[in-house]
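S.K.: Quick one, fold the following:
(one chain, ligands or ions: 1)
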Amino acid sequence: MNTIKISLLISLLYLPFFTSLSFAGDSFEGKQLTKRLCSGCHRFGPRFKRMNHSLVGPSFKSGIIGKKVGKSPKYKYSKAFLKAASDGYIWDEKNLDKFLSNPSKLFKKNKMSSFKGVKDPEDRANIIAFLKSL
Ligand code: HEC
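M.R.: Below you'll find the predicted structure:
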């Protein structure tokens, strides 16, 4: 009986570890994070009728995953981004994860470099899940 209890306890202790291993990103959490971390510079999603780039960063009416870098219409990107675009860079999950972890590193001297990035990989996965849902 006691062994059963103990093994149950042990498996409960390990549960968070196993769930975090299979972590795929939670778009609801991601939405909250983008509100907090990104909305000062970006607008995301179709509910923003006027995507007029009144903020510092480009706006995204629909998803960014799988799109070319620097393709939001009318936004004036930095030279660094224009170069990445002409090199054919795509925002796949890997590139976006790298960029968000440290924005100044992927493309040198880009205009998002003042943002220190999202250090927690789980937060980044959530943000990417949200961006995928748009
Ligand atoms: C301090 C302002 C600022 C913050 C905060 C910020 N960004 Fe940016 N972001 C920018 C700017 C400016 C650019 C354009 C970079 C350039 O042209 O060099 C950009 C570019 C991007 C791009 C690439 C856009 C494209 O069209 O290729 C993505 C994706 C992005 N940001 C996502 C995010 C996410 C997600 C967050 C929050 C976790 C965030 N940004 C936080 C200013 C910011």
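S.K.: what does this structure have sitting close to the ligand?
M.R.: Contact residues, the chain versus the ligand (CB under 6 Å from any ligand atom): 34, 37-38, 40-42, 56-58, 64, 69-72, 77-78, 80-81, 100, 110-112, 114-115, 118, 127. For glycine as for every other residue, the C-beta is placed from the backbone atoms N, C-alpha and C.
S.K.: Any chance of a PyMOL selection covering the buried ones in the residues you listed?
M.R.: Buried residues within the residues of the chain next to the ligand, by 16 or more other CB atoms under 10 Å, are selected in PyMOL with:
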select buried, resi 34+37+38+42+57+58+64+69+70+72+77+78+80+81+100+110+111+112+115+118+127
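S.K.: From the residues of the chain next to the ligand, which land in strands?
M.R.: Assigned to strands by DSSP state E, none of the residues of the chain next to the ligand qualify.
S.K.: Only the buried residues of stretch 60-69, if you could.
M.R.: Neighbour-count burial for stretch 60-69 [16+ other CB under 10 Å]: 60, 64-65, 69.
S.K.: before we move on, what about stretch 115-131?
M.R.: Quick answer for stretch 115-131 (16+ other CB under 10 Å): 115, 117-118, 123-131.
S.K.: CSV for these, including distance to residue 94 and pLDDT?
M.R.: Formatted as CSV, the buried residues of stretch 115-131 follow (distance: CB to CB, whole Å; pLDDT from 0 to 100):
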residue, distance to residue 94, pLDDT
115, 19, 95
117, 15, 97
118, 15, 98
123, 16, 97
124, 11, 97
125, 12, 97
126, 16, 97
127, 14, 96
128, 10, 96
129, 14, 95
130, 17, 94
131, 14, 94
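S.K.: Out of those residues, which is nearest to residue 91?
M.R.: residue 131 (8.6 Å; CB to CB).
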